[in-house]
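# structure for this input, please:
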Amino acid sequence: MAEDRKPRVRALLDSVRAEGRTALTAPEGKVIADAYGIAVPGEELATDVDEAVACAARFGGPMVMKIVSPDILHKTDAGGVIVGVEGAADVRAAFCRIVENARAYAPDARIEGVQVQELLPKGQEVIVGAVTDPTFGKVVAFGLGGVLVEVLKDVTFRLAPVDADEALSMLDSIRSAEILRGVRGQEGVDRWAVAEQIRRVSHLVADFPEIAEVDLNPVIATADGAVAADIRVILSTETPKERRRYSREEILASMRRLMQPRSVAVIGASNEAGKIGNSVMRNLVDGGFAGEIHPVNPRADDILGRKAYKSVTDVPGEVDVAVFAIPARFVASALEEVGRKRIPNAVLIPSGFAETGEHELQEEIVAIAEQHGIRLLGPNIYGYYSTWQDLCATFCTPYDVKGGVALTSQSGGIGMAILGFARTTKTGVSAIVGLGNKSDLDEDDLLTWFGEDPHTECIAMHLEDLKDGRAFVEAARATVPRKPVVVLKAGRTAAGAKAAGSHTGALAGDDAVYDDILRQAGVIRAPGLNDMLEYARALPVLPAPKGDNVVIITGAGGSGVLLSDAVTDNGLSLMEIPADLDAAFREFIPPFGAAGNPVDITGGEPPSTYEATIRLGLEDPRIHALVLGYWHTIVTPPMVFAELTARVVAEFRERGIEKPVVASLAGDVEVEEACQYLFEHGVVAYPYTTERPVAVLGAKYRWARAAGLLGGGS
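So this is what the prediction gives:
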């Protein structure tokens, strides 16, 4: 059947497009449903009243009657749907009323007849659909359906096509998942039947790119099956432009020369302080880059003590990267020279391209780059840092603290916020990269490189959009099993602005699709800039958890309550403390303290109580993660708490016992120094907040699940 169905659907779609139509009629929709095994009720097209009566007699029982017109998309709005029609007299009256309503609604509409359809039994109404997302391409959707679908907006999305297991997972991804399992004595729905409708729709749109939107709404789901009461199919009016794709090997080869260059040319290098070309040169030289640095300037013989060249073609030997520090109008001709020199990477700092409306100028440089096999970073960027190479190819302040965090941003302002945060928190970075207009190189190229880079342990990306969502998901799926990927997606409130022809299309606002598909890819989505930076800083510090049992040990009851709330808010599990463990904790805490979870040791306890309870939390294999709540007292000063906690955690790690430990410190300003000390010694700690340390722990758990280190979904 799989081979037979495509020619049938292809012939139908070709005939619809030949007529200049974008919307299929209900009978045409049934042809597609039958071809793909999408369950729909029995139905026939009646072109006159007598045919309608005969159709209804063949089916028996109550009917639904609907107008069939290629010019009327929303049948209900036109008064073109009547439900519960039974008996010849009712059928005749309904036929006439539907046709009259349709003619009044759209006098010029072509009316092909009335669809007579079996009335489905009552059940749970859900929606199954698909849309063509500008970022991710074909996306399948599932949610609670019926007339309230756009009010409830309880919908989840996946990249199409999906397999049976992925389709089934969508039923558990909506807020109202429990309804499908059965509540208040009602039977649950046939989950496999619903999932099969999702799977079949996803394969339909994957097989036929010209299908822009599909709606099965409502699908009536019962304990005995799932049948689509209505199917709407809308065709696209335009063919999406194909993006040039590079193989993984090609990406890694060019990225290696970009991030680990042996020779860099600066086009537009200058001796004049205040010029971008001077700042880039100074950063390269002063940063200690050990490779060759070649200034290019037709009006200078010497720049910062180095021989200057009239043209990049005059530079001796191979060059890995050309950094552009010249006005936009001169970039194209200089890029031609870079191509003739066979330089594989061009870093375009200049602005004045698509971001200012100069789209043709940007398209020109992209065409030149493709012709010569040059990969472009930018334009309109601050440059980039590759710290392990002592490379600072930027006109901004230098940064040289080496570490395991790779940071990227689409915005220069966000890039500088990243830099300031890294400096303030002493975060070691492997790279900071600006992407700007993303004329060529984008997040999936960088993700592919950082996924393989041995110096990088965590990748954090600020982005406003993705040029190729599927390429990003592919790169993320390859990277997440080895290291966390954190994304800050700007524009969360900007829903899709284009008019939609279906319920699914209206529901597929940009952020709703981004949210589900980034989660599907195993990416940790940060709610804000500071969250992204803190996740990036903290995740490499924490070992991966080996189970779900989280225990809170606190010196302040109030902090314990807030920490408990934070654990729940972040999808974590407070461990139910067994009797023997409860008794063991009670050995160390005063009678007016409280065991259970949180373990409240009270505020006036000496360092030995903190140490004993933390040791017990690390020792017991049933506990998988610790959340510590510290309260500043003179009995146990902040640095005393920090030093004992770090010492105990280090001792257990030497014994091979590694668990994530996070801490919330409440107190006077001394807690800030204590938190920094803890961070430097493998414990993620924050002052003045109970939410942040648990949010970081939650992010670590989300990554561990996505990486397959724990059971359950991401």
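# all helices of the stretch 101-250 of the chain, in order?
Applying DSSP state H, counting those that start in this stretch to the stretch 101-250 of the chain gives helices spanning 149-152, 164-171, 177-181, 191-207, 248-259.
# neighbouring strands - and their directions - for the longest strand seen in the chain?
Longest strand in the chain, counting residues (DSSP state E): strand 211-222. Using DSSP bridges, the strands paired with strand 211-222 in its sheet are strand 124-133 (antiparallel), strand 225-228 (antiparallel), strand 231-235 (antiparallel).
# among the ones you listed, which is nearest Ile552?
For the strands paired with strand 211-222, the distance to Ile552 is smallest for strand 124-133, at 39.1 Å, taking CB to CB. For the C-beta atoms, the positions are set from N, CA and C on the backbone; glycine is no exception.
# now stretch 41-55: mean pLDDT?
What stretch 41-55 shows for mean pLDDT is 93.
# residues contacting that stretch, please?
By CB atoms under 8 Å, 6 or more residues apart in numbering, the residues outside stretch 41-55 that reach it are 26-27, 30, 58-59, 65, 68, 88, 91-92, 94-96, 112-120, 227, 229.
# give me the number of residues near Arg340?
Residues near Arg340, counting by other CB atoms under 10 Å, number 12.
# ditto for Ile303
Neighbour count for Ile303, taken as other CB under 10 Å: 23.
# how about stretch 407-424: buried residues?
The neighbour-count check on stretch 407-424 (16 or more other CB atoms under 10 Å) flags 407-412, 414-419, 421-422 as buried.
# just stretch 23-37 next, same as before
The neighbour-count check on stretch 23-37 (16+ other CB under 10 Å) flags 23-26, 28-33, 35-36 as buried.
# now tabulate those residues in CSV and tack on distance to Arg306, secondary structure and pLDDT.
Converted to CSV, those look like this (distance: CB to CB, whole Å; DSSP: H, G, I helix; E, B strand; the rest coil; pLDDT from 0 to 100):
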residue, distance to Arg306, secondary structure, pLDDT
Ala23, 66, strand, 91
Leu24, 67, coil, 92
Thr25, 72, coil, 89
Ala26, 74, helix, 86
Glu28, 70, helix, 92
Gly29, 70, helix, 93
Lys30, 74, helix, 91
Val31, 72, helix, 93
Ile32, 67, helix, 96
Ala33, 70, helix, 95
Ala35, 69, helix, 95
Tyr36, 66, helix, 96
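# rewinding a little: in PyMOL, select just the buried ones from the contacts of stretch 41-55.
The buried residues among the contacts of stretch 41-55 can be selected in PyMOL (16+ other CB under 10 Å) with this line:
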select buried, resi 26+30+59+65+68+91+92+94+95+112+113+114+115+116+117+118+119+120+227+229
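# which residue is nearest the centroid of the protein?
With distances taken as CA atoms, centre = their mean, Leu518 lies nearest the centre of the chain, 2.2 Å away.
# could I have stretch 326-335 exported to PDB, CA atoms only?
What follows is stretch 326-335 as a C-alpha-only set of coordinates in PDB (Å, rounded to 0.1, in the frame of the first residue of the first chain):
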ATOM      1  CA  ILE A 326      36.900  47.600   6.300                       C
ATOM      2  CA  PRO A 327      33.600  49.400   5.300                       C
ATOM      3  CA  ALA A 328      30.800  47.200   3.800                       C
ATOM      4  CA  ARG A 329      31.100  48.700   0.300                       C
ATOM      5  CA  PHE A 330      34.700  47.300   0.000                       C
ATOM      6  CA  VAL A 331      34.000  43.800   1.300                       C
ATOM      7  CA  ALA A 332      33.000  42.200  -2.000                       C
ATOM      8  CA  SER A 333      36.100  43.100  -3.900                       C
ATOM      9  CA  ALA A 334      38.300  42.100  -1.000                       C
ATOM     10  CA  LEU A 335      36.400  38.800  -0.600                       C
END
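# before we move on, the earlier item: so who does the residue nearest to the centre of the chain touch?
Taking CB under 8 Å, 6+ apart, we find Leu518 in contact with 476, 487, 489, 525.
# ok, now Ala221?
Applying CB under 8 Å, 6+ apart, we find Ala221 in contact with 123-126, 180, 189-190, 193-194.
# if we can go back for a sec, surely the residue nearest to the centre of the chain is within a helix?
Yes - judged by DSSP: H, G, I helix; E, B strand; the rest coil, Leu518 forms part of a helix.
# isn't Leu563 up against Ala663?
No - between Leu563 and Ala663 no contact is recorded; they are 10.1 Å apart, counting by CB atoms under 8 Å.
# overlap in contacts, those two.
Residues touching both Leu563 and Ala663 by CB under 8 Å, 6+ apart: 627, 629.
# before we move on, back to that, could I get the helices of the stretch 101-250 of the chain in JSON lines, plus columns for mean neighbour count, distance to Leu539 and mean pLDDT?
Shown next, in JSON lines, are the helices of the stretch 101-250 of the chain (neighbours: other CB atoms under 10 Å; distance: least, CB to CB, whole Å; pLDDT from 0 to 100):
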{"stretch": "helix 149-152", "mean neighbour count": "15", "distance to Leu539": "35", "mean pLDDT": "63"}
{"stretch": "helix 164-171", "mean neighbour count": "18", "distance to Leu539": "25", "mean pLDDT": "96"}
{"stretch": "helix 177-181", "mean neighbour count": "15", "distance to Leu539": "29", "mean pLDDT": "91"}
{"stretch": "helix 191-207", "mean neighbour count": "22", "distance to Leu539": "33", "mean pLDDT": "97"}
{"stretch": "helix 248-259", "mean neighbour count": "18", "distance to Leu539": "21", "mean pLDDT": "96"}
